[in-house]
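Undergrad: I would like to see how this sequence folds:
(one chain, ligands or ions: 1)
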Amino acid sequence: MQGSLWLPKNVELVPHPTARDKTIAKVDIKAGACILSTPSFAFILLESEKGRRCDNCFRLPSEGSPLKRCAGCGSYWYCDAQCQTVQWKVHHKKICKLFNSYISSLAYQALAAHEKQDAILLSHAIARMSVLPTPYSIEESTLATVLLSLLPRPDESAVTPVICPIKPFPSDQLLRKLYSRFSNNNFAVHSHLTSIGHGIFPVASRLFNHSCIPNAAAKYMLSPTRSIVMEVVALRNIISGEEICLPYLDPALLQTREQILEISYGFKCNCSSCFFLGQLGPLKEVPTDSNELSSLESQLRAFVAFDSMSATSLPAISIEALPPALRCFLRESYMATLSEIFSKASHEGQYDVALESGITLLALYLIIYPTNYPQIGMHLLELAKTAWNAKILSNEANDAENQALKKQVKVFLALASQALTILGKEGDTDGPLQEVAILQNLVRNE
Ligand SMILES: C[S@@+](CC[C@H](N)C(=O)[O-])C[C@H]1O[C@@H](n2cnc3c(N)ncnc32)[C@H](O)[C@@H]1O
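TA: Residues are numbered from 1 along each chain as shown. Predicted coordinates for the structure are as follows:
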C-alpha cells in the first residue's frame, strides 16, 4: 500500500486495531497545510440545488450567463459547452437518453428521497465504470480500484436501489459491492458549511478515520470546467506519527453522535470527548428559571474567559475541564435553542441579547469543537456583523458604547480571520473570508 501512487507523500497508512488502517503523518504538518487534494469518482447536486448550479463544476452561474440545459434530457444544467463536454465523457453520454424514462419509472418513484439520491449517485458511478476501455474492468481506473477496496458499511445486505439502465449493464455482484460502500464512505459536499451535494472521494475514504476532535477538515474546491475536488486541510499543527482524522459528523451532536456512528459506520468512537461524555451519566436539566439560567451562563462565559474587547487568540479548552455545575450545557437541545436565540435577536435588532447569547454560544463552541474548527470562524463572523449593526444603530452621542462596540467588531473579525484562514478559500467565491475583509475595510474607513 505504501508504494501506491494515490497516497500523498506526507502520510502513511498503518494498521489500526479496529478500523483496519489509519493514516499517520510521516512528517510534521503545519496548521493550514493541504494534506490531500483528490478528485471525486462520482457526485450529485442536492435536489434543491438542481438548475441553480452547474451539474459538472457545482458553481453558481455568473451574472448574465444563465446555466444551459442539456438539450438531450433537459435534466442536467451546465455553465457552458466545456463543462458539458467534461461530464458527457465521464458519465452523461451513458445516461442522457435513458434518464427521463428512468426517473419516471415506478421502481424509481417508489424510492424514498435519500434512496433516489443514492440511486442517481450509483448510476453516475456505474456509468463512469462502463466507459472504461474495457467496461467494468476496475483495474483500469485507480479511483475505482480504491473505491472497491473500501470497508463495506454495517448493513452490507441493504437492498440496492434500482439504477439507470446503462448499457452494458453491470453484474449484480458489482452493483451490490459498490452500494455496500455507500453511506459510510460518501461525503456531503458543502460550500461555506452549507450542503450542496454528495460525492464519492475514494482516496479520502480510504485514508481518514473519524474523530469527534479532528485535527483535519475537508473542503471542496469549485473551479471552471473541472469537476469538484476535495482538499483535506490540517486544522492545527500535526506532529509526525500522529493519526490524521476527519469528523464524519458534526461533533456538536453530543447526544446523538454515538448512535449515528454505530448505525451508519459500525464503530464506537474512542476519542477522549466521547470517553468523557460516556462517563458523565445523565446530564442535569438546564435551569428554567431565567435568573438562575442567566447566572449559570455568565459562569460559563467566565470559565471560558474569552474577552470580547481585547482577545488576540482563542482559548483552547478541553471538554473534560468543564466544571460539574456547567455540564448541563452539554445538551444538544440547549445549543440549538441558544443558536436560535442568537440568530433571531440579531435579525430582529435586539443586539444586546444577540451579543450575550452569541458569546455564550462561542464559549460552548470553544469547549466542543477543536481549535480552528470552521464553525468557530463562521460564528465569529456572525458576531462581528451583529456588533457592527449594533454600533451603526447605537446612540451616536454615546461615544463610550460606540467605541466598545467598535473594539468588539475588530476582535471578532481578527479572530474570525485567523480561524477561517486555516481552512482557506473553498466553495463559492465571495465566501466568509471576503466578508471579513469587506467588514475590516468598513471599520478601518469609518
Ligand atoms: C471511510 S472508512 C475509513 C478508512 C478505513 N480505516 C480503512 O481502512 O479503509 C470508514 C470506516 O472506517 C472505520 N472507522 C473509521 N473511523 C473509526 C474510528 N474512529 N474507530 C473505529 N473504526 C473507525 C469504520 O469501519 C468506518 O465504517
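
Undergrad: which regions of the stretch 301-446 of the chain lie under the pLDDT threshold?
TA: Counting by pLDDT under 70, the stretch 301-446 of the chain contains low-confidence ranges at 397.

Undergrad: where does it get nearest to the ligand, residue-wise?
TA: P370 (14.6 Å; C-beta to the nearest ligand atom). In this view, the C-beta of every residue, glycine as well, is placed from N, C-alpha and C.

Undergrad: ok, the nearest residue to that residue once chain neighbours are set aside - contacts?
TA: What sits nearest to P370 in space, not counting adjacent residues and going by C-beta to C-beta, 6 or more residues apart in numbering, is I213, at 4.8 Å. Contact partners of I213, counting by C-beta atoms under 8 Å, 6 or more residues apart in numbering, are P251, C271, S272, S273, P370.

Undergrad: picking up where we left off before, ok but the residue of the stretch 301-446 of the chain closest to the ligand is inside a strand, no?
TA: No. Counting by DSSP: H, G, I helix; E, B strand; the rest coil, one finds P370 to be coil, located in no strand.

Undergrad: pretty sure it is touching L235, no?
TA: Yes. If you go by C-beta atoms under 8 Å, P370 and L235 touch, sitting 6.1 Å apart.

Undergrad: between the two, which contacts overlap?
TA: Joint contacts of P370 and L235 (C-beta under 8 Å, 6+ apart) are P214, N215.

Undergrad: tell me the helix or strand right after the longest helix along the chain.
TA: When the chain is parsed with DSSP state H, its longest helix is helix 399-423. Next helix or strand after helix 399-423 toward the C-terminus (DSSP states H and E): helix 432-445.

Undergrad: how far off centre is that next one?
TA: Helix 432-445 has its C-alpha centroid displaced from the chain centroid by 24 Å (C-alpha atoms, centre = their mean, to the nearest Å).

Undergrad: read off the pLDDT value for the residue nearest to P370.
TA: Looking at I213, its pLDDT is 98.

Undergrad: next one: S195
TA: 97.

Undergrad: I'd say it and V189 touch.
TA: Yes. The criterion here is C-beta under 8 Å, and S195 meets it with V189 at 7.0 Å.

Undergrad: ok, the two, which is more surrounded?
TA: Legend: neighbour count by other C-beta atoms under 10 Å for S195 and V189, higher for V189 (25 against 12).

Undergrad: which residues in this structure form strands?
TA: 11-16, 20-25, 34-39, 42-45, 68-69, 77-78, 186-191, 194-200, 209-210, 216-221, 229-234, 245-246 (DSSP state E).

Undergrad: can I get those strands in TSV with distance to S137?
TA: Shown next, in TSV, are the strands of the chain (distance: least, C-beta to C-beta, whole Å):
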stretch	distance to S137
strand 11-16	25
strand 20-25	25
strand 34-39	20
strand 42-45	17
strand 68-69	34
strand 77-78	29
strand 186-191	24
strand 194-200	19
strand 209-210	30
strand 216-221	29
strand 229-234	25
strand 245-246	31
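
Undergrad: separation between the closest residue in space to L36 that isn't next to it in sequence and the ligand?
TA: Of all residues not flanking L36 in the chain, V232 sits nearest, at 4.3 Å (C-beta to C-beta, 6+ apart). V232 sits at a distance of 12 Å from the ligand (criterion: C-beta to the nearest ligand atom, to the nearest Å).

Undergrad: pLDDT at V232, what is it?
TA: pLDDT at V232 comes out at 98.

Undergrad: pretty sure C328 contacts T288?
TA: No. Counting by C-beta under 8 Å, C328 sits too far from T288 to count as a contact (11.3 Å).

Undergrad: fine, thanks again, bye for now.
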